[in-house]
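Colleague: kindly generate the corresponding structure for this input.
(2 chains, ligands or ions: 1)
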Amino acid sequence: MSLEKITTISGRGVHVPGNDIDTDRIIPARFMKCVTFDGLGEYLFHDVRKNADGSAKQHPLNDPRFQGATILLSGANFGCGSSREHAPQALQKHGFRAVIAESYAEIFFGNCTTLGMPCLGASRADVQKVAAAVAANPAVEITIDLGRSEIRFAGQAIRAVIRDSAREALINGRWDAIGDLLEGVGDVKRVAAGLPYLTV
Amino acid sequence: MSKSLFQKVWETHTVRTLANGQTQLLIGTHLIHEVTSPQAFGMLRDLGLTVLMPHRTFATVDHIVPTDQVSEPYADPLADAMIKALRRSCREHGITFFDRATGKQGIVHIVGPEQGITQPGTTIACGDSHTSTHGAFGAIAFGIGTTQIRDVLATQTMALNQLKVRRINVTGRLRPGVYAKDVILHLIRTLGVNGGTGYAYEYGGEVFDRFSMEERMTVCNMSIEGGARAGYVNPDETTFAYLRGRPYAPAGAGWDVAVARWKSFASDPGCAYDDTVTIRGEEIPPTVTWGINPGQGVAITETIPDPAKATAADEKASIEEALAYMKLSPGAPIKGTRIDVAFLGSCTNGRLSDFQEVAKYLKGRHVAPGVKAIAVPGSQGVGVLCASLGIDRVFRDAGFEWREAGCSMCLAMNPDKLVGDQLCASSSNRNFKGRQGSPTGRTFLMSPLMVAAAAVTGRVADAREVFGVSPG
Ligand code: SF4
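Modeller: Numbering: from 1, shown residues only, chains lettered A, B, ... in the order given. Model (predicted):
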């Protein structure tokens, strides 16, 4: 399977501040009643973006200045809680290509990587620098350089942290593991033969 | 060399190392449900792939299935379509489906153990974060996303990073009126909601040695709420006694062979852990959450935190955010907070012993006026056992609605939902904003007996006082 080699991503940013933003907040469960992920983008952050009557609340994603942003900035433990892939799918379907946050919940991080949507870690001070640049000029271009593990914007550069295995998978176009896993199927049978519970 | 259970299971299930350094790990048991799997079957189809080991995947319906309607079509056409889609996929691929008609349906994390599918020394995956529950049996169990469900269906493996292991000892004894739920709420409060990042939690110590399997499941269930990718307890005689005679457990001559094998997976004495935490059982109080993540909890005797007293700026901001959402006043005692709804059920506390323990105290009591109280067995099996013991009657007589098996009000995908800013005393595992179906709904997490105490008094209450549990 040939996949895009994701080495750099450039785009405008939007800052959704806060720690422990859970996947229920990213996509409330009632929007998961679907047999495809296609329509999910519309419901991204639904309950913090919309009032009960459908009118818009104050939220960075509703702010016209940040329309078209493709890089999401946030705080610590982003994506905690439910393992729902609907959360990264909603981000991606909404148009996001990458996330920069202080840290991530593990299942969310893995789910994003598998979709080819890098999750970069950065120190709080560094996330704030990017957020400040975006606030000052929403049109500022942010470039995530996975090869050099850095993020450049408005003439500045910060260090981006990403687990080696994810970085390797993204830059080598192996972020969707299915190709690799299928290659190992012959070995699966060998390992399975040593596990009695699999034969019953 | 001495090894932990985690290492042994990892090694026996490793297929190979992938180019990016991850491990291709064999997943022996795959559990699926109606919400996160339909898209995975779609992906399989798109790639022209099929299910490699259909006999190692087991399906049920729990999240969407209504608990107040048994006959199809279900009132919600989307729910009905998702359930039918799963049924079709299972038939097409030859996957065992514990549908309602089988009498074995229920929350996936209750059904697996109940059927004896969940066994020591195995790997388990399910498209649901609370898959950590199965670790109670000494299995390594992962919650996964939909693309990984596809991976497991197609290859019976997934790509994973090794975890570190943190040993958590709970020593001594729990005081009367303190339950497994309090143990895990206290642990998460102490270690933080992301304290477990990068770890599997191995729970042990006298308290776990004495715990029943159901109590161990309650704790392992919420490992994910502490940020750990998995949680487990080493298998012992309690584990084997639970499994004996269950439909999918080994039988006859195979039983002794299996037990010997299971024993060999337990962590070796003196094996090295990446971290160790010890907590005294006597120090764990009945714990209630007041905020919007499961780490925001206090003892029932404590007050709601005051942001002014927070030491870190971060903590101050998160307390303020939580108080604003929860509409609570800083410094007020948590005890006495009015509740609107009481929910007893979920994969955390929807098992026989949960209802049994509450029923002991609920006889002769009644739900307070104005409170909606529902009790939802976690599986049809639990429902049948409760009925045979007259437990459902006790709940009904006390003014609870007694429902059919499912996830119910733990999340918002079926008709059971909070309305407006109702406050729910809940035995479930998540108190996130909007978790129970209303974008402004509020959740207090607590043990089943504390939910019952809230139901009968209409307020958050100390179950030990309400029900006269004698202090130890
Ligand atoms: S009971 Fe709640 S936490 Fe458990 S599987 Fe169902 S929805 Fe998830």
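
Colleague: how about the residue lying closest to B:Cys271 once chain neighbours are set aside, phi and psi?
Modeller: Distances taken as C-beta to C-beta, 6 or more residues apart in numbering or on different chains place B:Ser2 nearest to B:Cys271, at 4.1 Å, with adjacent residues excluded. (C-beta placed from N, C-alpha, C; glycine too.) Phi and psi for B:Ser2, reported as degrees, to the nearest 10, are phi -80, psi 140.

Colleague: let me know how buried B:Ser2 is, in neighbour terms.
Modeller: 10 (other C-beta atoms under 10 Å in any protein chain shown).

Colleague: distance of it relative to chain A?
Modeller: B:Ser2 sits 21 Å away from chain A, going by C-beta to the nearest C-beta, to the nearest Å.

Colleague: show the contacting residues for that residue.
Modeller: B:Ser2 makes contacts with B:Asp268, B:Pro269, B:Gly270, B:Cys271, B:Ala272, as judged by C-beta atoms under 8 Å, 6 or more residues apart in numbering or on different chains.

Colleague: could you look up the SS state of the fourth one?
Modeller: This means B:Cys271. Secondary structure, DSSP: H, G, I helix; E, B strand; the rest coil: B:Cys271 is coil.

Colleague: ok, it - contacts?
Modeller: If you count contacts by C-beta under 8 Å, 6+ apart, then B:Cys271 has B:Ser2, B:Lys3, B:Ser4, B:Gln7 around it.

Colleague: so it versus the ligand, what's the distance?
Modeller: In this view, B:Cys271 and the ligand are 31 Å apart by C-beta to the nearest ligand atom, to the nearest Å.

Colleague: give me the pLDDT value at that residue.
Modeller: B:Cys271 is assigned a predicted lDDT (pLDDT) of 97.

Colleague: for chain A, see how far away it is.
Modeller: 22 Å.

Colleague: next: the last one.
Modeller: According to C-beta to the nearest C-beta, B:Ala272 stands 22 Å off from chain A.

Colleague: now for that residue, how many residues are close by?
Modeller: 13.

Colleague: likewise for the second one?
Modeller: Neighbours of B:Pro269 under the rule other C-beta under 10 Å: 6.

Colleague: with B:His109 instead?
Modeller: Counted with other C-beta under 10 Å, B:His109 comes out at 35.

Colleague: same check, this time on the one 5 residues further on
Modeller: The burial count assigned to B:Glu114 is 25, neighbours taken as other C-beta under 10 Å.

Colleague: nearest to the ligand among the contacts of B:Ser2?
Modeller: B:Cys271 (31.2 Å; C-beta to the nearest ligand atom).

Colleague: show me the contacts for B:Asp416.
Modeller: Contact partners of B:Asp416, counting by C-beta under 8 Å, 6+ apart, are B:Pro66, B:Thr67, B:Asp68, B:Phe343, B:Ile374, B:Val376, B:Arg403, B:Ser408, B:Met409, B:Gly437.

Colleague: next one: phi and psi at the third one?
Modeller: Phi and psi for B:Asp68, reported as degrees, to the nearest 10, are phi -120, psi 10.

Colleague: look up how far A:Leu72 lies from it.
Modeller: Per C-beta to C-beta, to the nearest Å, B:Asp68 is found 39 Å from A:Leu72.

Colleague: now do the first one
Modeller: Note on B:Pro66: its distance to A:Leu72, by C-beta to C-beta, is 35 Å.

Colleague: which of those two has more neighbours?
Modeller: Taking other C-beta under 10 Å, B:Pro66 and A:Leu72 do not tie; A:Leu72 has more neighbours (25 against 18).

Colleague: surely B:Pro113 is in contact with B:Gly135?
Modeller: No: here B:Pro113 lies out of contact with B:Gly135, judged by C-beta atoms under 8 Å, at a distance of 10.8 Å.

Colleague: more crowded one of those two?
Modeller: B:Gly135 (30 against 24).

Colleague: nearest spatial neighbour of that one, skipping sequence neighbours?
Modeller: Nearest to B:Gly135 is B:Tyr232, by C-beta to C-beta, 6+ apart, at 3.3 Å.

Colleague: please compute how far the helix or strand the one you found falls within lies from its chain's middle.
Modeller: Take DSSP states H and E as the rule and B:Tyr232 turns out to sit in strand B:230-233. The chain centre lies 12 Å from the centre of strand B:230-233; the measure is C-alpha atoms, centre = their mean, to the nearest Å.

Colleague: name the helices or strands packed onto that strand?
Modeller: For strand B:230-233, the packing partners by 3 or more C-beta pairs under 8 Å, 6 or more residues apart in numbering or on different chains; DSSP states H and E come out as helix B:5-13, strand B:140-143, strand B:199-204, helix B:213-221.

Colleague: pipe these into JSON lines and attach mean neighbour count and distance to A:Ser82 per row.
Modeller: Formatted as JSON lines, the helices and strands packed on strand B:230-233 follow (neighbours: other C-beta atoms under 10 Å in any protein chain shown; distance: least, C-beta to C-beta, whole Å):
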{"stretch": "helix B:5-13", "mean neighbour count": "20", "distance to A:Ser82": "24"}
{"stretch": "strand B:140-143", "mean neighbour count": "29", "distance to A:Ser82": "8"}
{"stretch": "strand B:199-204", "mean neighbour count": "25", "distance to A:Ser82": "19"}
{"stretch": "helix B:213-221", "mean neighbour count": "26", "distance to A:Ser82": "13"}
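
Colleague: among those, which is nearest chain A?
Modeller: Nearest of these to chain A, taken as C-beta to the nearest C-beta: strand B:140-143 at 4.0 Å.

Colleague: what's in contact with that closest one?
Modeller: With C-beta under 8 Å, 6+ apart, strand B:140-143 has contacts from A:83, A:107, B:5-6, B:9-10, B:13, B:27, B:118, B:122-135, B:158, B:160, B:200, B:224, B:229-230, B:232.

Colleague: so is that strand next to the ligand?
Modeller: No: using C-beta under 6 Å from any ligand atom, strand B:140-143 never reaches the ligand; the gap is at least 9.5 Å.

Colleague: that strand pairs with which strands, and in what direction?
Modeller: strand B:123-126 (parallel) (DSSP bridges).

Colleague: CA-only coordinates of the partner strand in PDB, if you can.
Modeller: Taking Å, rounded to 0.1, in the frame of the first residue of the first chain, the C-alpha atoms of strand B:123-126 are listed here in PDB:
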ATOM      1  CA  THR B 123      -4.400 -10.400  24.700                       C
ATOM      2  CA  ILE B 124      -7.700  -8.700  24.200                       C
ATOM      3  CA  ALA B 125      -8.700  -5.700  22.100                       C
ATOM      4  CA  CYS B 126     -12.000  -4.000  21.700                       C
END
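
Colleague: what mean pLDDT does that strand get?
Modeller: 98.

Colleague: equivalent analysis for stretch A:53-70, please.
Modeller: Averaging pLDDT along stretch A:53-70 yields 96.

Colleague: pull out the buried residues from it.
Modeller: A:Pro60, A:Leu61, A:Phe66, A:Ala69, A:Thr70 (16 or more other C-beta atoms under 10 Å in any protein chain shown).
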